[in-house]
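> Okay, predicted coordinates and the sequence, questions at the end:
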Amino acid sequence: MEKSQNTFVENKNKNNKHSPVTIITDSQALEGILGGIGWLIAIYQVKNVILKDANPIVSGILTWTVLWYIRKIGMNLYQHYKKSYGYQDDKIQINMNATALQTVFVLILLFSIVTGFSEQLTFTYKDLVIIMLITSVFLVMFLT
């Protein structure tokens, strides 16, 4: 009986350890940068050079296609460079419980949604702070 209780305590301690959670890799960060730059290039090229007075749907489809090609070509070149020179993926990691990280993510998402609709909902920022505080307390209670 004592052995099974010790095993339970050991398993409980293993589950409470914080394992590193990858926030973003170097490839993902570069893809985001390429996407932003590609979006600017695609918008400029389609609106000012290729289709000056075109249908917005056609312009949108062509802009997305140009953006997609810029991003994919850039990522393929980067992956080839890393593979050629033997570089490994760099990761930004934090030691945090996955549940706590999920809570932080949900709070940021809720804050973004509420502040995005604050004009339509006629909340003041004081109301938003109270709503976020109450929401965070309930989330922490629910997720822990």
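That came through, no problem. Residues are numbered from 1 along each chain as shown.
> Quick one: mean pLDDT for the stretch of helix or strand D127 belongs to?
D127 belongs to helix 125-143 when assigned by DSSP states H and E. For helix 125-143, mean pLDDT rounds to 71.
> now for the longest helix anywhere in the chain, which elements pack on it?
Looking across the chain with DSSP state H, the single longest helix is helix 56-85. Where contact means 3 or more CB pairs under 8 Å, 6 or more residues apart in numbering; DSSP states H and E, helix 56-85 is packed against helix 26-44. Bear in mind the C-beta positions are built from the backbone N, C-alpha and C, glycine included.
> In the chain, where is pLDDT below threshold?
1-18, 116-123, 138-144 (pLDDT under 70).
> how is it carved up into domains?
19-95, 96-144 (automatic domain parsing).
> Need those in CSV (columns: mean neighbour count).
Output for the domains of the chain, formatted as CSV (neighbours: other CB atoms under 10 Å):
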stretch, mean neighbour count
domain 19-95, 13
domain 96-144, 12
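> Just confirm A100 is within a helix.
Yes: applying DSSP: H, G, I helix; E, B strand; the rest coil, one finds A100 inside a helix.
> D90 is in contact with I23, isn't it?
No: taking contacts as CB atoms under 8 Å, D90 lies outside contact range of I23: 11.6 Å.
> can you list residues touching both of these two?
Counting by CB atoms under 8 Å, 6 or more residues apart in numbering, D90 and I23 have no contacts in common.
> Can you verify Q93 is assigned to a strand?
Yes: Q93: assigned to a strand according to three-state DSSP.
> With adjacent residues omitted, what lies nearest to it?
P20 (4.1 Å; CB to CB, 6 or more residues apart in numbering).
> got the contact list for the one you found?
Contacts of P20 by CB under 8 Å, 6+ apart are 93-95.
> Tell me how far it lies from M96.
Using CB to CB, to the nearest Å, we find P20 at a distance of 8 Å from M96.
> what do you get for G36?
27 Å.
> next one: I70
Distance from I70 to M96, counting by CB to CB: 34 Å.
> And for G74?
Distance from G74 to M96, counting by CB to CB: 31 Å.
> and what of T124?
Distance, T124 to M96, by CB to CB: 32 Å.
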